[in-house]
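Visitor: Just a sequence and a predicted model for now, questions to come.
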Amino acid sequence: MTGDAPPDQGADLPAGCTVVRLDGDLGIAAATALRERLISALHPGIWLMILDLSRVRSCDLAGLAVLIGTQRRARERRIVMRLFAPSPPVMDLLHSSGLERCLTVCPDLPGELGWEWYESARATVTPQALAG
């Protein structure tokens, strides 16, 4: 995992935005370390965390639980979390579990970091959205 934007995307990240690249398998063996790393990335000053899932080979229910738990903690801190380009196995699991309706998937990082998206993401972090 790194905190850098994917080099092939060439996007300049706005202040307060962090991209965390995840690699390998998001399974039960990695769940504890993954949870700690993601929660440590939720620090003051961050309003948007993008998880790059393009290089994740597999994910199981423990990995999904970490993603859901991280999203819940992010919301508590008024941070928007987005999933960037999930690999086919991850997208299949999100779809079969129905979690693609709960987690926002972004296929195109530069497009998602445009001004319109910035406004949309900021609007998502309202007291009403946090209560729901």
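Guide: On my side now, so go ahead.

Visitor: distance between stretch 90-107 and the chain's centre?
Guide: 11 Å (CA atoms, centre = their mean, to the nearest Å).

Visitor: Show me where the chain dips below the pLDDT cut-off.
Guide: 1-13, 108-132 (pLDDT under 70).

Visitor: Longest helix in it, by number of residues?
Guide: helix 61-76 (DSSP state H).

Visitor: buried set for that one?
Guide: Applying a neighbour-count criterion of 16 or more other CB atoms under 10 Å, the buried positions in helix 61-76 are 62-64, 66-67, 70-71, 74-75. No exception for glycine: its C-beta is placed from N, CA and C like everyone else's.

Visitor: Can you check what angle separates the next helix-or-strand element following it from helix 61-76?
Guide: Using DSSP states H and E, the helix or strand that follows helix 61-76 in sequence is strand 80-84. Going by axes from the mean of the first three to the mean of the last three CA atoms, to 10 degrees, strand 80-84 is angled at 140 degrees with respect to helix 61-76.
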